[in-house]
Structures are given as structure tokens and as C-alpha cells.
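Asks: dropping a prediction and its sequence here:
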Amino acid sequence: MTQELSGLPPEAFTKHDRAPDPQFYAQPRFVTHIDAAAIAAVTGLYRTVVPAGGVVLDLMSSWVSHLPDEIAYADVIGHGLNAAELAANPRLTRHFVQDLNAEPHLPLDTACADAALVCVSVQYLQRPVAVLSEIARVLRPGAPAVISFSNRCFPTKAVAVWNALDGAGHAQLVRLYLQRAGFARIDVRVLRPEGGSGDPMTAVIGWTAAA
């Protein structure tokens, strides 16, 4: 794992709970993990960044995708670890279950998607560069990967390096992930600042190289 990010200690991507992730997510959780204002901020970002009518890959998803209701997409491909949650998500046109920490390769064609989303889940990836490299592979030229996160998580399932950092550190870490995965341009956006009321929200967006 650490070969992807040289300079980090060997334990950087370990978890306090080392049981396989599918065990932890075996029971569906029909809850939202960020507050309503943070969800609205993510939806607003998607409204401006995710192309209408495109093919969207919603990775590490659940029973909600936070995509704007008024915008139609050609295909919304969901991925997660709980089949019941994915089946209950009305925005998904199809979905698959896969443990990305065990197998980062995505069962999707190269250059098939117009955007990829990872919302409040990047902290659980133990092979982040491998997964984001796969995301870059399946995205079309000039397409965005939108990685959004707050200060909320399941701490026993987040990797050690995530638990050791603050919000600014999380943004720098995700930027590093995207750089190592080969994204051509990276933008950090603070959607809701830390220290205010409610959940903070940050997005780091990587764009694949244009054709």
C-alpha cells in the first residue's frame, strides 16, 4: 500500500478495525452522514461540475447520491458495499458491489464516464492511488472526479493517516492522491468552512487531461 505514496510510514493505511470491510457494511444504514446544509453544498457543486445528460460513476455510494433532482443523466452507475442500500437509491440506473480495498480494478470500460463522485468515503480507501488511477482510466478526457468530505467518519474504519490529520491536511492528502493517480488539474474548494455551524464540507476535484 505504501508504495503508492512513498514517504509515509508503513502503518499510514492501516485501520483500527482490521476486519474485512464487507463485514462492517453488511447491515444497511439508511441514514445520511452529513447534515442538510452540507448535503445542499455537495448538490450545488454537482450542479455546476457534473455534466447534464452524461454518464456518472457514483463510487462508495449508498441509498442517496446527492445529485440535483432537476438534472437528468444518461446513466448513473452506483458502487458500494451494501446491495440493499444501492438498490434503494432512486438515482442509480445500475450498480455493483465491490470491496475496493481488496480489488481496486473497476469492472468498467476505459473512457466510459463523464464524471466520478466519491462523497464522504475517501477516508476508508487503503489503496487510494490505485482506486483513483482506475477512476482516471474510466473517465473520458477532461472529465472531473469530485472527492468530497467532512470531518465525520467511522474512525475505526478510516485509515490511520486520515485520523491523524485536520481538515486542511485532509485536503492536501486528497490532492496528493489525485496527483499520484495522474490527474492533469486539481482544484480544492471549501464548500462549508470549519468552525461554523453544522458540518464543514470540502471538495477536491481532479480533471483528466483533455484530448
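Replies: It's in.

Asks: would you point out the helix or strand in the protein whose mean pLDDT is lowest?
Replies: The weakest-scoring helix or strand in the chain, judged by mean pLDDT, DSSP states H and E, is helix 21-24 (a mean of 74).

Asks: so after that helix, what's the next helix or strand?
Replies: Toward the C-terminal end, the helix or strand that comes next after helix 21-24 (DSSP states H and E) is helix 36-49.

Asks: average model confidence for that next one?
Replies: Here helix 36-49 scores 96 as its mean pLDDT.

Asks: what lies in contact with that helix?
Replies: Outside of helix 36-49, the residues within contact range by CB atoms under 8 Å, 6 or more residues apart in numbering are 32, 34, 66-68, 71, 115, 117, 119, 144, 146, 148, 150, 189, 191-192, 198-201, 203, 205. Just so you know, the C-beta spots here come from the backbone N, C-alpha and C atoms, and that holds for glycine as well.

Asks: give me the buried subset of those residues.
Replies: 34, 66-68, 115, 117, 119, 144, 146, 148, 150, 191-192, 199-201, 203, 205 (16 or more other CB atoms under 10 Å).

Asks: hang on, the earlier thing: for the least confident helix or strand of the chain, what is the distance to the chain centroid?
Replies: Between the centre of helix 21-24 and the centre of its host chain there is 18 Å, according to CA atoms, centre = their mean, to the nearest Å.

Asks: all helices of the chain, in order?
Replies: 21-24, 36-49, 83-87, 128-138, 160-163, 167-180 (DSSP state H).

Asks: and the residue nearest the centre of the chain?
Replies: Residue closest to the mean C-alpha point of the chain, counted by CA atoms, centre = their mean, is residue 118 at 1.8 Å.

Asks: that one touches residue 144, doesn't it?
Replies: No: assessed by CB atoms under 8 Å, residue 118 is found out of contact with residue 144, at 11.4 Å.

Asks: and the pLDDT at the nearest residue to residue 86 once chain neighbours are set aside?
Replies: Leaving aside its sequence neighbours, residue 86 sits nearest to residue 95 (CB to CB, 6 or more residues apart in numbering; 4.0 Å). pLDDT for residue 95: 97.

Asks: residue contacts, residue 95?
Replies: Neighbour list for residue 95: 61, 77, 78, 79, 80, 83, 86, 87, 89 [criterion: CB under 8 Å, 6+ apart].

Asks: adding distance to residue 173, neighbour count and pLDDT, write those residues out as TSV.
Replies: Below are those laid out as TSV (distance: CB to CB, whole Å; neighbours: other CB atoms under 10 Å; pLDDT from 0 to 100):
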residue	distance to residue 173	neighbour count	pLDDT
61	22	26	95
77	26	22	98
78	25	25	98
79	22	21	98
80	22	24	95
83	30	13	93
86	27	21	96
87	32	12	96
89	28	19	97
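
Asks: let me have the residues you listed in CSV, extended by distance to residue 49.
Replies: Converted to CSV, the contacts of residue 95 look like this (distance: CB to CB, whole Å):
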residue, distance to residue 49
61, 17
77, 17
78, 18
79, 19
80, 21
83, 28
86, 23
87, 27
89, 20
